[in-house]
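*Asks:* Fold the following.
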Amino acid sequence: MCIAPQENSQAFAHELAGPWYASGSTPSSPYLSGMDILLTVDPVNIHYILSSNFANYPKGMEFKKIFEVVGDSIFNVDSGLWEDMRNSSHAIFSHQDSQRFWVSTSVNKLRQGLVPILENAADKNILVDFQDLFQRFLFDTSLILMTGHVKPVFLWRLQYWIGVGVEKRLKLSSAARDTTSSVLTWFFWLLSKNPEAMNKIRQEVNKKMPRFDPADLDKLVYLHSAVCETLRLYPPVPFNHKSPAKPDMLPRFQTREMDFIQWKMKTVAAEIIRNYKIKVVDGHKTEPIPSVLFRMQHGLKVNITKI
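*Replies:* Sure, this is the predicted structure:
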């Protein structure tokens, strides 16, 4: 049983399962399809699976087959090993020294890496792909956090293939990179369609954070709400695969890591919105990639102008 099928695309969820979701029902596998799948978006069922009866819903062997590439990382393991890894990662994210290092690293990379690119694009009227830009920015910060320096792409790929280096330690950070860049991309696309919301966020940033200081991000209530709405409308990982350990009946069948990830998204968003106007290129086609990560098929091409 799974909350949604990993092997099927977002198009399936939106187009095929959409009528079921809208009616509040819980669809199961098509007859004679050879699939043993149950889909649900019911909040009661999701809470039951992911919280109140969590122990009975491991990822299961099918999930491991689908994501064999990530090995025995926190995303693939269950039971006691998952709890050990979860506690370890939580301890890392919660440690004050780690938090200070991540904040300083992210802010420095933002100022020395991302902002100069935006400045150059605005000065020379260069088209920018936000999705690609955010992925590169977050990849660099991930490398700095895990290795202490930025490593050329060819080098880490070589280390990966010959089996040396720190790639295993990058799995958690890399996952955060992909999902965070996805959310930021959809966030700015939504703002491009809602200029009033963009103006309200800019006014809030200028009023409550006149000088860029990440410590003031908690004051930006409207920005936080906009990020949460983006997560609701375009979740970076829209499907969650689960397999019951024991037969079960769903109720309706008839965290620190997230804080840091949201902090990083709001830091980038606040700095961009404060200093630049963003306009999506006319006629740019926006559609999701059929994948477990909710990214854009053609990126997000934008024009940037200084305020």
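
*Asks:* mind listing the helices for the chain?
*Replies:* 10-11, 18-23, 43-47, 60-66, 79-94, 96-109, 115-124, 130-147, 153-162, 170-193, 195-208, 221-233, 256-275 (DSSP state H).

*Asks:* Tabulate those helices (JSON lines), appending mean neighbour count.
*Replies:* C-beta: built from backbone N, CA, C; applies to glycine. Output for these, formatted as JSON lines (neighbours: other C-beta atoms under 10 Å):
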{"stretch": "helix 10-11", "mean neighbour count": "16"}
{"stretch": "helix 18-23", "mean neighbour count": "12"}
{"stretch": "helix 43-47", "mean neighbour count": "13"}
{"stretch": "helix 60-66", "mean neighbour count": "15"}
{"stretch": "helix 79-94", "mean neighbour count": "13"}
{"stretch": "helix 96-109", "mean neighbour count": "14"}
{"stretch": "helix 115-124", "mean neighbour count": "14"}
{"stretch": "helix 130-147", "mean neighbour count": "20"}
{"stretch": "helix 153-162", "mean neighbour count": "12"}
{"stretch": "helix 170-193", "mean neighbour count": "21"}
{"stretch": "helix 195-208", "mean neighbour count": "15"}
{"stretch": "helix 221-233", "mean neighbour count": "16"}
{"stretch": "helix 256-275", "mean neighbour count": "19"}
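
*Asks:* looking at those, which one has the lowest mean pLDDT?
*Replies:* Ranked by mean pLDDT, the helices of the chain end with helix 10-11 in last place, scoring a mean of 43.

*Asks:* picking that back up, ok, which of the helices of the chain comes nearest residue 215?
*Replies:* With C-beta to C-beta as the criterion, residue 215 lies closest to helix 96-109 of the helices of the chain, at 8.9 Å.

*Asks:* Now do that closest one and helix 256-275, the angle between them.
*Replies:* 30 degrees (axes from the mean of the first three to the mean of the last three C-alpha atoms, to 10 degrees).

*Asks:* And helix 96-109, what does it pack against?
*Replies:* Here helix 96-109 touches helix 130-147, helix 256-275, going by 3 or more C-beta pairs under 8 Å, 6 or more residues apart in numbering; DSSP states H and E.

*Asks:* Can I get it in CSV, CA atoms only?
*Replies:* What follows is helix 96-109, C-alpha atoms only, in CSV (Å, rounded to 0.1, in the frame of the first residue of the first chain):
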residue,chain,number,x,y,z
GLN,A,96,24.4,25.4,17.8
ASP,A,97,27.8,25.2,16.3
SER,A,98,26.4,23.5,13.2
GLN,A,99,23.7,26.0,12.9
ARG,A,100,26.1,28.9,13.1
PHE,A,101,28.3,27.3,10.5
TRP,A,102,25.4,26.7,8.2
VAL,A,103,24.1,30.2,8.5
SER,A,104,27.4,31.8,7.9
THR,A,105,28.2,29.5,5.0
SER,A,106,24.8,30.0,3.3
VAL,A,107,24.9,33.8,3.7
ASN,A,108,28.4,34.1,2.4
LYS,A,109,27.6,32.0,-0.6
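
*Asks:* between the helices of the chain, which gets nearest to residue 241?
*Replies:* helix 60-66 (4.7 Å).

*Asks:* Alpha carbons only: can I get stretch 205-212 in PDB?
*Replies:* Coordinates of the C-alpha atoms in stretch 205-212 are reproduced here as PDB (Å, rounded to 0.1, in the frame of the first residue of the first chain):
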ATOM      1  CA  VAL A 205      11.100  42.800   3.900                       C
ATOM      2  CA  ASN A 206      12.000  46.500   3.700                       C
ATOM      3  CA  LYS A 207      10.000  47.400   6.800                       C
ATOM      4  CA  LYS A 208      11.000  44.500   9.100                       C
ATOM      5  CA  MET A 209      14.400  43.700   7.800                       C
ATOM      6  CA  PRO A 210      15.800  47.100   6.500                       C
ATOM      7  CA  ARG A 211      19.300  45.700   6.600                       C
ATOM      8  CA  PHE A 212      19.900  42.100   5.600                       C
END
